[in-house]
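A.B. asks: sequence isn't available, so here's the structure alone:
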């Protein structure tokens, strides 16, 4: 056995697994293309509602809440060290490293200032509080790239009013 895969547990489910479950538990079955189209449209509408209407989506059987939260990121000084938790602007950092070898050696990074959002950083979150599951900490959620890019476009869209989400304390 490959050392890298030792102890790996495959627990992720996809649309093929959902279709197989649907097919085995229903009398009237549609073909997989139509099923995929319906599920995709449903998911797109949920994402749209979460982003544009501040919906906190809680699936009935899962009891977890999918939502958007914001947190204020301000640099601070602790023990005579500057601590900056703003996201890294990798495009600008890589450009700096190409042009300045000394900065590359010192690993100097450039961070986003987020002045357009009053220094808030927005995250797509899975809230696990209020559930009765055991081993809640074993559940993880990573939003798909399309969900993250849609949120970024909505935040940067100047035609719409400023994006608001609940503050995460």
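C.D. replies: On my side now, so go ahead. Only a predicted model underlies this, so the values are computations on that prediction, with no experimental measurement involved.
A.B. asks: could you list the buried residues of stretch 93-108?
C.D. replies: 93, 97 (16 or more other CB atoms under 10 Å). C-betas here are computed from N, CA, C, even on glycine.
A.B. asks: any regions of this structure where pLDDT drops low?
C.D. replies: Counting by pLDDT under 70, the ranges of the chain that qualify are 1-11, 165-169.
A.B. asks: show me where it has helices.
C.D. replies: 15-25, 32-52, 90-99, 101-105, 145-156 (DSSP state H).
A.B. asks: distance to residue 77 added to those, as TSV?
C.D. replies: Below are the helices of the chain laid out as TSV (distance: least, CB to CB, whole Å):
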stretch	distance to residue 77
helix 15-25	49
helix 32-52	35
helix 90-99	22
helix 101-105	22
helix 145-156	28
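A.B. asks: just how off-centre is stretch 87-97 within its chain?
C.D. replies: 21 Å (CA atoms, centre = their mean, to the nearest Å).
A.B. asks: contacts for that stretch, please.
C.D. replies: Applying CB atoms under 8 Å, 6 or more residues apart in numbering, the contact partners of stretch 87-97 are 73, 103, 104, 108, 109, 110, 111, 112, 121.
A.B. asks: in strands, which of the residues you listed fall?
C.D. replies: residue 121 (DSSP state E).
A.B. asks: ok, now which ones touch residue 85?
C.D. replies: 73, 75.
A.B. asks: run the last query once more with 7 Å
C.D. replies: By CB atoms under 7 Å, 6 or more residues apart in numbering, the contact set of residue 85 is residue 73.
A.B. asks: give the buried residues for stretch 123-143.
C.D. replies: Buried, per 16+ other CB under 10 Å, within stretch 123-143: 124, 125, 143.
A.B. asks: of those residues, closest to residue 155?
C.D. replies: Comparing the buried residues of stretch 123-143 against residue 155 with CB to CB picks out residue 124 as the nearest, at 11.8 Å.
A.B. asks: what's the nearest residue to the closest one if we skip its chain neighbours?
C.D. replies: residue 143 (4.4 Å; CB to CB, 6 or more residues apart in numbering).
A.B. asks: I'd guessed that neighbour sits against residue 125; true?
C.D. replies: No: under the criterion of CB atoms under 7 Å, residue 143 is not in contact with residue 125, lying 9.1 Å apart.
A.B. asks: if we can go back for a sec, which of the buried residues of stretch 123-143 lies closest to residue 69?
C.D. replies: Closest to residue 69, out of all of the buried residues of stretch 123-143 and judged by CB to CB, is residue 125, at 4.9 Å.
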